[in-house]
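Asks: Below: sequence and its predicted model.
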Amino acid sequence: MTIQVLFQNRQPNRIATLEEYCASGGYDALASALGKYTRLQVQQLALDAVLLGRGGAGFPAGRKWMTVAETAPFPRYMVCNADEMEPGTFKDRVLIHTDPHQIIEGMIIVGYSVLAEKGIIFIRSSYENAARILEREIARAKEAGFLGKNILGSDFSMDIAVHRSAGRYICGENTAQINAIEGKRANPMQPPPYATEKGIWGLPTVTHNVETLACVPHILRHGPEWFKRLACTPTGAGTKLYCVSGRVNRPGCFELPMGTRLSEIIEAHAGGLPEGCEYKACLPGGASTRFLPKSFYDIEMDFDAMKLAGHRLGTGSIIVFDHKTCLVGATLNMIEFFARESCGWCTPCREGLPYIRDTLARIEAGEGREEFIPLLRRMSRYLWNSYCALAPGAASPVESLLTYFEDEVREHISQRGCPFK
Amino acid sequence: MIPDDLKETLQRQIAAIDHPREQVMDLVFTLQDRFGYLSDELLEEAAVLLGMTPLEVEEIATFYEFIYRKPVGRYVIHVCDGVVCWMQEHQSILDYLRNKLNIDYGQTSADGRFTLLPTCCIGYCDRAPAMMINRKVYGKLTPERIDEILEGLER
């Protein structure tokens, strides 16, 4: 068993209590943040620890906090993004069901570092259980004096509210989420201004993924050097929650050193592929990342290593496909998802995605033609002209399907049907 | 019509916050849980309570997957069609439900108990194939398990 940080209090079928969290050193970091460090020192610690956003983009957390200007107006907002809707991703759900207080503590520390007194947890509808857990534990944290007025006797005050969403992928996007919280239709907005300058109701808003926030207390308690040493790659830092699903024997969420090799995650932790199934490809970070064929089977799963290889770590949610699974069909499924979830605001996304879906559907149904291949390539390039990251993300499986599995697509066309059926 | 006692509770909640429209989702969910779906009448009343126009509420209500603008059955079954469920028997689960309930997507069973709808990946990929019934998630579905689940629901 490798070192467990975020999952140190993980128990079978039960949520860690506030007492258990405190016994493992929980809320010590908050006490030292408020008592020992200035808020700028807290920012520096996160920056030194190279804490990169775990929601998929990998932006340095400390740097995000530093963009909130000293003179920025109040009240400021600290938002926890628990709208985990990337297909294949369930790490935030597992984390909330494991040890919710580290997320709450992380939010308070980040809140303090930018002087945000309003905390909001934005959570998706299908995580109703998690929303209830968070509401209950927020109340407990408040009773214990970790939230509310003058936290632990300091002059910093903060409250956290849970905001339930009603099911729409685009709400996970930072600027769309701000519109959603304000009770507006959740279309994304193009910066500038950035949310840390003008976010919710025009006020500074710092948004982080659940997992990113959970890392914060541990960085304060053990220091940036310790956090960096947790990773197994020189430029990585911390641990990572890798979810594995699809064709594996033991699907689940595993906390491993950042940069653990894909092959090790699949074989040693997820139990390998079922008998009779051979690895064909995986999506390393949800549906908006590129397929990783067998030639990348030993890749180090961290931000830099993936980038160097021309890929993206995304959320670190590995979906494994075996040799008997049709990747044209899989891509069609994902494009159907993206087309349905497009907010419709801008043309490349609204029009481009259904076009790609229909083209893929014809190939899958045996009505494909040679010229569809360059057409799909061109269309997936056009998606990059869209307003937010939804459409470029959607282009990833299509483009990588054509790059690595063109033969499989051609087979559909020449055989006039899906060879897997 | 929103009954007076509920209306008063909602008015109190709305008055307690700086920006009433932040509550639009909570309000819509409260009404939907009580009345089954968001009718035109409820939508208009919600808009008045929040100081929004009916169109602004409609813009939001039609944006989301779990807000129903048409009557639905007592139990709304959302079958996950995310890529992991797709790989793991989603189609046969859906066919089983269609046959068992004798309805297709978007339809409600004759006895008014069940409505069948799709949903995108609900984040239970480790327990695929999965579905949601009235915001509760059920995973590792098989025809036998579906029978059990549906049997277990209140009449």
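Replies: Thanks, I have the structure now. Computed from a prediction, not measured in an experiment: that's the story for all the values here.
Asks: Against chain A, how distant is residue B:112?
Replies: Going from residue B:112 to chain A by Cβ to the nearest Cβ, to the nearest Å gives 23 Å. (Glycine included, C-beta is placed from N, CA and C.)
Asks: contacting residues around residue B:56?
Replies: Applying Cβ atoms under 8 Å, 6 or more residues apart in numbering or on different chains, one finds that residue B:56 lies in contact with A:184, B:21, B:47.
Asks: Need phi/psi at residue A:149.
Replies: Geometry field for residue A:149 lists phi and psi as phi -80, psi 140, criterion degrees, to the nearest 10.
Asks: Just list the residues touching it, thanks.
Replies: Residue A:149 sits in contact with residue A:157, where contact means Cβ under 8 Å, 6+ apart.
Asks: ok, residue 135 - contacts?
Replies: You didn't say which chain, so I picked chain A. With Cβ under 8 Å, 6+ apart, residue A:135 has these contacts: residue A:162.
Asks: wrong one, chain B
Replies: Neighbour list for residue B:135: A:125-126, A:128, B:66 [criterion: Cβ under 8 Å, 6+ apart].
Asks: Take those residues and keep only those in helices.
Replies: Within these, residues falling in helices by DSSP state H are residue A:128.
Asks: Among the contacts of residue B:135, which pair sits farthest apart?
Replies: A:128 and B:66 (10.0 Å; Cβ to Cβ).
Asks: Comparing these two, which residue is more hemmed in?
Replies: More neighbours sit around residue B:66 than around the other of residue A:128 and residue B:66, counting by other Cβ atoms under 10 Å in any protein chain shown; the figures are 24 against 17.
Asks: Provide the backbone phi and psi angles at the closest residue to residue B:29 other than its chain neighbours.
Replies: When the adjacent residues along the chain are set aside, residue B:29 lies closest to residue A:164, with 6.7 Å between them (Cβ to Cβ, 6 or more residues apart in numbering or on different chains). The phi/psi pair for residue A:164 (degrees, to the nearest 10) reads phi -90, psi 130.
Asks: just residue A:254 next, same as before
Replies: Dihedral angles phi and psi of residue A:254 (degrees, to the nearest 10) take the values phi -120, psi 130.
Asks: In chain B, which residue sits furthest out from the middle?
Replies: In chain B, residue B:18 marks the outermost C-alpha relative to the chain mean, sitting 28.2 Å out by Cα atoms, centre = their mean.
Asks: Next, see if stretch A:362-375 gets close to chain B.
Replies: No - when contact is scored as Cβ under 8 Å from any Cβ of the partner chain, no part of stretch A:362-375 falls within range of chain B; the minimum is 12.3 Å.
Asks: which parts of that stretch are buried?
Replies: Taking 16 or more other Cβ atoms under 10 Å in any protein chain shown as the basis for neighbour counts, the residues of stretch A:362-375 that come out buried are A:362-364, A:368, A:372-373.
Asks: for stretch A:68-79, same thing?
Replies: Buried residues in stretch A:68-79, counting neighbours by 16+ other Cβ under 10 Å, are found at A:68, A:76-79.
Asks: Of the residues you listed, which belong to strands?
Replies: Secondary structure of these is defined by DSSP state E; positions in strands are A:76-79.
Asks: Quick check: of the residues you listed, which lies closest to chain B?
Replies: The shortest approach to chain B among those belongs to residue A:77, at 11.3 Å (Cβ to the nearest Cβ).
Asks: How about the contacts made by that closest one?
Replies: Listed by Cβ under 8 Å, 6+ apart, the contact partners of residue A:77 are A:116, A:118-120, A:199-200, A:203-206.
Asks: Looking at those, which one is closest to residue A:279?
Replies: Ranked by distance to residue A:279 (Cβ to Cβ), those are led by residue A:206 at 39.4 Å.
Asks: and chain B, what are its domains?
Replies: The record assigns chain B these domain ranges, following automatic domain parsing: B:4-61, B:75-152.
Asks: and these, which is most packed in?
Replies: Stretch with highest mean neighbour count among the domains of chain B: domain B:75-152 (a mean of 19; mean count of other Cβ atoms under 10 Å in any protein chain shown).
Asks: From start to finish, how long is that one in a straight line?
Replies: Between the opening and closing residues of domain B:75-152 lies a distance of 12 Å (Cα to Cα, to the nearest Å).
Asks: how about the residues of chain B that lie near chain A?
Replies: Proximity of chain B to chain A (Cβ under 8 Å from any Cβ) is limited to residues B:19, B:21-26, B:28-29, B:50, B:52, B:56, B:59-60, B:63-67, B:81-84, B:86-88, B:119-128, B:132, B:135-137.
Asks: Filter these down to just the ones in helices.
Replies: Per DSSP H, helices hold the following members of the residues of chain B next to chain A: B:24-26, B:28-29, B:50, B:56, B:59-60, B:83-84, B:86-87.
Asks: Show me the two of the buried residues of stretch A:362-375 that sit farthest apart.
Replies: In these, the most distant members under the criterion Cβ to Cβ are A:364 and A:373, with 13.8 Å between them.
Asks: helices or strands next to the helix ranked longest in chain A in the packing?
Replies: Of all the elements of type helix in chain A, the one with the most residues (DSSP H) is helix A:347-364. Taking 3 or more Cβ pairs under 8 Å, 6 or more residues apart in numbering or on different chains; DSSP states H and E as the contact definition, the neighbouring helices and strands of helix A:347-364 are helix A:327-341, helix A:372-382, helix A:390-404, helix A:406-414.
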